[in-house]
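Trainee: Just need the structure, nothing else, for what follows:
(2 chains)
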Amino acid sequence: MPSRRRALLKVIILGDSGVGKTSLMNQYVNKKFSNQYKATIGADFLTKEVQFEDRLFTLQIWDTAGQERFQSLGVAFYRGADCCVLVYDVNSMKSFDHLNNWREEFLIQASPSDPENFPFVVLGNKVDVDGGNSRVVSEKKARAWCASKGNIPYFETSAKEGVNVEEAFQCIAKNALTSEEEEEIYLPDTIDVGSSSQHRSTGCEC
Amino acid sequence: MSSSDSNSSSVDDPNPNPKPLDNQLETLNLEQGSDSIIIQNEDDEEGRQQDQGSSLNGSLNVNSDNHEQDDRIGLVRNVVWRRTNSEMEVDVNGPSSPSSSGYAGERGSSGVSEDDEIQEVAKDSALHGGFDSQAAWLPGKRHVDEDDASISWRKRKKHFFILSHSGKPIYSRYGDEHKLAGFSATLQAIISFVENGGDRVKLVRAGKHQVVFLVKGPIYLVCISCTEEPYESLRGQLELIYGQMILILTKSVNRCFEKNPKFDMTPLLGGTDVVFSSLIHSFSWNPATFLHAYTCLPLAYGTRQAAGAILHDVADSGVLFAILMCKHKVVSLVGAQKASLHPDDMLLLSNFIMSSESFRTSESFSPICLPRYNPMAFLYAYVHYLDVDTYLMLLTTSSDAFYHLKDCRIRIEMVLLKSNVLSEVQRSMLDGEMHVEDLPGDPLSRFGSASHLGEHQEPTDSPGRFREPFAGIGGPAGLWHFIYRSIYLEQYVSSEFSAPINSPHQQKRLYRAYQKIYASMHDNGNGPHKTQFRRDENYVLLCWVTPDFELYAAFDPLADKGLAIKTCNRVCQWVKDVENEIFLLGASPFSW
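Mentor: Reported below is the predicted structural model:
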């Protein structure tokens, strides 16, 4: 048995369709990239074991579908997330503009206990495309938005070339981990025979 | 349950004293032998691997390590969702489906898995125990190195999972929970997806597999099985697993999830793997898991009375329940005024204590919760083993009663020793339960009167289990085995296994057959039945349900129906004759 218990962190990846969520995850978990686009249906799940400082923990990564028709799955998927990763395509202004919607939608659906400090990470993906010539969202602009939302960590990544992917997920893991709340002592009640009548169900239900 | 030649006289019998079984069956036109049911061929150890072709693909696609992700969870192409108001069944095309996404493991079978399989079979056949030989079973979780990408994992016949409503794994029967995080997330997504539509998923059939879901607030339980057990049985097993979890933690865990949906329960359950795996193992040998009744160790009436008297004494001094058990059998049991113990709680409590090695080594004081008594709060259990199999449990509401209970235990132990209860208990363990060979004959054709259980101990002092006077034929009229459940007492008695039901494999198969017939007798859809006569290539099963008792009997498949019915009447008479010794009388809640 390890001296400290293993933690399991639920990480949700959100962003418009086609920004490279699945590719980022594949690059991170499998070190693979495919140019072929396949839309995610509903959600896809991967796990990765990560060593951080002296602790071993597991990332449970929820790669969601970007298409709007899957938005209804939100509550079910976002519940109990430890970290949320927002992804946009630096070559698409629309995907950047939508980050705000994704963030707000997440906070509404997941309703975390402390929304102000819920750990997000923003990734600007596809920095490799066309040598950066087709880029429309500047790093400065992206960083400004992140700063305005409570200093969200920001990374520029290329899922294709594996640029910054490892670093981004290290940060994701770290943030998810620090948000782990101090656990309270688990102390259920003890039966008070004096006041409580017996709770036995009447017979068995067979 | 395809076709059964069951008969129901649907109206409740107003007569409290049931007529002999043959009178009831006389009026029924039974077709014998014509519609035998198909019995599963692979009903041995679930851990044993099954055919490669029918693994779990098609329904639950978890892509944990592949790069050909076609079908994702939720909206798999080859799934047909059928909804009714409250029940949903999903039919998934068989494993041949071309679009099922690839696990690495699916693409080719390897020699490794074959080696695995041989090992498995050898190991499991050696390990598996019957109703009473569960001692051979190795406790603890097996195959922790597996995950959902392992071929061996996917071939396990019966999986159980506990997860949180955010998809975090809590328990898995096989494999490492953390490596199964993706699979766990898939299960949550399925459940939550259906819940979002204001519906509930109860059962998914995928080829030979059944996926059974049970939602208990923030706790989700799932069983994936290809054992052909009825849905009701599997669901009942999930209920017991949930009850076991409540016994360890109480239902207050729900509050933790309310405050914090990402709450991770696993640390609270640390070290209890063995409790769950032992409970799951008991699903294949302990009839209490589906009968909702407990069983007593056969003892002379006076002996049990002596044990009860001293337990009564301590119950008057602030002990809520005092229970003396030997393995899974009750020696005696006393509750404080108005307090009564549900058989399921007893099952879960004794499983918890027997599976946790530390209780054996010293006297213990542990918080436990009885889910049927009060699921919200803890009681405290003082536990002490009096000998290797016999243990005393004193339950109290006071967390500082350890020394008082220790004193009680010392008093009880002294009395039990003085009155020879403990040596009687050990002797009864050796003698075993009722033996079908000892079934008293027709009063006319046999000289002796009905022999009583306590009297048949031959001087040969051979353990009952091993005597096979008429090898291969069992009791009279081809009677092989029976279970008698007293409804009023919430207790059952099960005959000792004898030839030809010798091997653990055969015992488990018979047990499953009982389980199936029990489910069909209690099926609300076309029941309740009163009698059922079922013949197939393995057995004749005869089942008889009255307001007072239920009898399940297994006969030679060639047994004569008329004789079998007569024999069942004799079994019932026999049970009545010895009820003082096989049952704990006066323990019913109504008598306090």
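
Trainee: Sketch out the strands for chain A, chain order is fine.
Mentor: Secondary structure of chain A by DSSP state E: the strands cover A:7-14, A:43-52, A:55-64, A:83-89, A:120-125, A:154-156, A:189-190.

Trainee: could you check the angle strand A:120-125 makes with the first one?
Mentor: In this case it means strand A:7-14. Strand A:7-14 and strand A:120-125 are oriented at 50 degrees to each other (axes from the mean of the first three to the mean of the last three C-alpha atoms, to 10 degrees).

Trainee: Only alpha carbons, please: show strand A:7-14 as CSV.
Mentor: Written as CSV, here are the backbone C-alpha positions of strand A:7-14 (Å, rounded to 0.1, in the frame of the first residue of the first chain):
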residue,chain,number,x,y,z
ALA,A,7,-6.4,10.1,-6.1
LEU,A,8,-8.7,9.9,-9.0
LEU,A,9,-9.3,13.2,-10.9
LYS,A,10,-12.2,13.7,-13.3
VAL,A,11,-11.2,16.1,-16.1
ILE,A,12,-13.7,17.4,-18.6
ILE,A,13,-12.5,18.7,-22.0
LEU,A,14,-14.9,21.2,-23.6
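
Trainee: how distant is that strand from the center of its chain?
Mentor: A distance of 5 Å separates the centroid of the chain from that of strand A:7-14, by C-alpha atoms, centre = their mean, to the nearest Å.

Trainee: May I have the strands that pair with it, each with its orientation?
Mentor: Strand A:7-14 sits in its sheet next to strand A:55-64 (parallel), strand A:83-89 (parallel), going by DSSP bridges.

Trainee: What of the shortest one?
Mentor: Taking DSSP bridges as the criterion, strand A:189-190 pairs within the sheet with strand B:377-385 (parallel).

Trainee: State the mean pLDDT of the partner strand.
Mentor: In this model, strand B:377-385 has a mean pLDDT of 95.

Trainee: Tell me which residues are up against it.
Mentor: Contact with strand B:377-385 is made by A:188-192, B:250, B:252, B:320, B:349, B:353, B:359-360, B:363-370, B:373, B:391-399, B:401-402, B:405-406, B:408-409, B:413, as judged by C-beta atoms under 8 Å, 6 or more residues apart in numbering or on different chains. Every residue, glycine included, has its C-beta placed from N, CA and C.

Trainee: Just the C-alpha atoms of the longest helix along chain A, please, in PDB.
Mentor: As assigned by DSSP state H, the longest helix anywhere in chain A is helix A:165-178. Provided in PDB are the C-alpha atoms of helix A:165-178 (Å, rounded to 0.1, in the frame of the first residue of the first chain):
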ATOM      1  CA  VAL A 165       0.600  18.900 -24.600                       C
ATOM      2  CA  GLU A 166       2.500  17.200 -21.800                       C
ATOM      3  CA  GLU A 167       3.000  20.500 -20.000                       C
ATOM      4  CA  ALA A 168      -0.600  21.400 -20.300                       C
ATOM      5  CA  PHE A 169      -1.800  18.200 -18.800                       C
ATOM      6  CA  GLN A 170       0.700  18.400 -16.000                       C
ATOM      7  CA  CYS A 171      -0.800  21.800 -15.200                       C
ATOM      8  CA  ILE A 172      -4.300  20.300 -15.400                       C
ATOM      9  CA  ALA A 173      -3.400  17.600 -13.000                       C
ATOM     10  CA  LYS A 174      -1.800  20.000 -10.600                       C
ATOM     11  CA  ASN A 175      -4.800  22.300 -10.600                       C
ATOM     12  CA  ALA A 176      -7.200  19.500 -10.200                       C
ATOM     13  CA  LEU A 177      -5.200  18.200  -7.300                       C
ATOM     14  CA  THR A 178      -4.900  21.400  -5.400                       C
END
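
Trainee: Show me what counts as buried in it.
Mentor: Of the residues in helix A:165-178, A:165, A:168, A:169, A:171, A:172, A:173, A:174, A:175, A:176, A:177 count as buried by neighbour count, 16 or more other C-beta atoms under 10 Å in any protein chain shown.

Trainee: residues touching the second one, list them.
Mentor: Residues in contact with residue A:168, defined by C-beta under 8 Å, 6+ apart, are A:24, A:85, A:121, A:123, A:155, A:157.

Trainee: Nearest residue to residue 168 in space, ignoring adjacent ones along the chain?
Mentor: Since you didn't name a chain, this refers to chain A. Among residues not flanking residue A:168 along the chain, residue A:155 sits closest, at 4.1 Å (C-beta to C-beta, 6 or more residues apart in numbering or on different chains).

Trainee: think we crossed wires, I meant chain B
Mentor: Distances taken as C-beta to C-beta, 6+ apart put residue A:8 closest to residue B:168, at 5.5 Å, once the chain neighbours are dropped.

Trainee: what's the neighbour count on residue 187?
Mentor: The chain I'm using is chain A. 10 (other C-beta atoms under 10 Å in any protein chain shown).

Trainee: You answered for a different chain; I wanted chain B.
Mentor: With other C-beta under 10 Å as criterion, residue B:187 counts 23.

Trainee: check which helix or strand covers it.
Mentor: Per DSSP states H and E: residue B:187 is located in helix B:181-196.

Trainee: What of residue B:411?
Mentor: helix B:402-418.

Trainee: What of residue B:247?
Mentor: helix B:231-249.

Trainee: Using CSV, write down the CA coordinates of that helix.
Mentor: Extracted in CSV, the C-alpha atoms of helix B:231-249 (Å, rounded to 0.1, in the frame of the first residue of the first chain):
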residue,chain,number,x,y,z
TYR,B,231,-32.8,-10.3,-13.6
GLU,B,232,-34.5,-10.4,-10.2
SER,B,233,-31.7,-12.5,-8.8
LEU,B,234,-29.0,-10.2,-10.1
ARG,B,235,-30.8,-7.2,-8.9
GLY,B,236,-31.2,-8.8,-5.5
GLN,B,237,-27.5,-9.4,-5.4
LEU,B,238,-26.8,-5.7,-6.2
GLU,B,239,-29.2,-4.7,-3.4
LEU,B,240,-27.1,-6.9,-1.0
ILE,B,241,-23.8,-5.4,-2.2
TYR,B,242,-25.3,-1.9,-1.5
GLY,B,243,-26.5,-3.1,1.9
GLN,B,244,-23.0,-4.3,2.6
MET,B,245,-21.6,-0.9,1.8
ILE,B,246,-24.2,0.7,4.1
LEU,B,247,-23.3,-1.8,6.8
ILE,B,248,-19.7,-0.5,6.7
LEU,B,249,-20.4,3.3,6.2
